[in-house]
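In: sequence and computational prediction follow.
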Amino acid sequence: MQQVYEQLIQPLLDKGFGSVDGWFSGEEIAALRQVLLERYQKDEFHQAGIGQHYQYQRKKRIRGDQIKWIAANSPIAIEQHFLKQVNDFIDYLNRTCFAGIRNSEFHYAVYEPGTFYKRHSDQFNRDDRRRFSMVLYLHENWNPGDGGELIIYGQENHCIEPLPGRIVFFSSELEHEVLRSESQRMSLTGWLRSN
Ligand code: OGA
Ligand code: MN
């Protein structure tokens, strides 16, 4: 796994983000997608908000995805497997980079056609505990024209195609944007947090 981890960490140190395609197998992605779809069909998702506490608002003109948080003690085997893999990665990150990550939080996200998430940072005002953002794309197919690309803004701007199974890992303070999706776009999105 060390090679996969380094494919995420080294580019992050160099330019703020890294991405890798082979961390999870096609079977694992399909299993996560199936859990997502079951929960989505059971109406367990809710419209995502922006900001924390009193700033929390629902503004579809800024953010259009629907989300469902994963419980840390989920009884579902593939979710446990996913969280275990993330924890192994966190151990590696803390060991090799003294990153000081203490916990993580993940939610499923579904962008229906026509939805997007305007340019934003994942750190809340006066709260920088979200150190790193991680996204794993779960839809079955993605082709140019399906939209929903992730744009990461920095000294240079980068456009990342949300290919199935791809993981993107970036510093949560970096501004980024999800372009309007033309097809149903699914992901597991989360944050590695310090205290
Ligand atoms: C987010 C986000 C990026 C993506 O949920 O905060 O920016 O590619 N997601 O889904
Ligand atoms: Mn974001």
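Out: Alright, I've got the coordinates. Remember, predicted model here, so these are calculated numbers, not experimental data. Ligands and ions are numbered 1, 2, ... in the order given.
In: tell me the contacts of Phe89?
Out: Met1, Tyr5, Leu8 (Cβ atoms under 8 Å, 6 or more residues apart in numbering). No exception for glycine: its C-beta is placed from N, CA and C like everyone else's.
In: any of those buried? List them.
Out: Listed as buried from these are Tyr5, Leu8; burial here means 16 or more other Cβ atoms under 10 Å.
In: specify which member of the contacts of Phe89 is nearest to ligand 1.
Out: Leu8 (14.8 Å; Cβ to the nearest ligand atom).
In: who touches whichever strand or helix holds the closest one?
Out: Assigned by DSSP states H and E, Leu8 belongs to helix 2-15. The list of residues contacting helix 2-15 from outside it, by Cβ under 8 Å, 6+ apart, reads 17-20, 22-23, 89, 92-93, 96-97, 132, 154-156, 158, 167, 169-171.
In: of those residues, keep whichever come out buried.
Out: In the contacts of helix 2-15, the ones that pass as buried (16+ other Cβ under 10 Å) are 17-20, 23, 89, 92-93, 132, 158, 167, 169-171.
In: coming back round to it: and the helix holding Leu8, what's buried?
Out: Val4, Tyr5, Gln7, Leu8, Ile9, Pro11, Leu12, Lys15.
In: and it, what's its mean pLDDT?
Out: The average pLDDT within helix 2-15 is 96.
In: rewinding a little: filter the buried ones among the contacts of helix 2-15 down to the ones in strands?
Out: Residues of these located in strands (DSSP state E): Phe17, Gly18, Ser19, Val20, Phe132, His158, Ile167, Phe169, Phe170, Ser171.
In: what pLDDT does the model give Arg61?
Out: 84.
In: what's the single longest helix in the chain?
Out: Scanning the chain for the helix with the most residues, using DSSP state H, yields helix 77-97.
In: kindly format the C-alpha coordinates of whatever helix or strand comes next after it as CSV.
Out: As assigned by DSSP H and E, the chain's next helix or strand after helix 77-97 is strand 103-111. This file holds the C-alpha atoms of strand 103-111, laid out as CSV (Å, rounded to 0.1, in the frame of the first residue of the first chain):
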residue,chain,number,x,y,z
ASN,A,103,-9.9,11.4,13.4
SER,A,104,-11.9,11.4,10.2
GLU,A,105,-15.4,11.9,9.0
PHE,A,106,-17.0,10.7,5.7
HIS,A,107,-20.2,11.0,3.9
TYR,A,108,-21.7,9.7,0.7
ALA,A,109,-22.7,12.4,-1.8
VAL,A,110,-25.0,12.3,-4.8
TYR,A,111,-25.1,15.1,-7.4
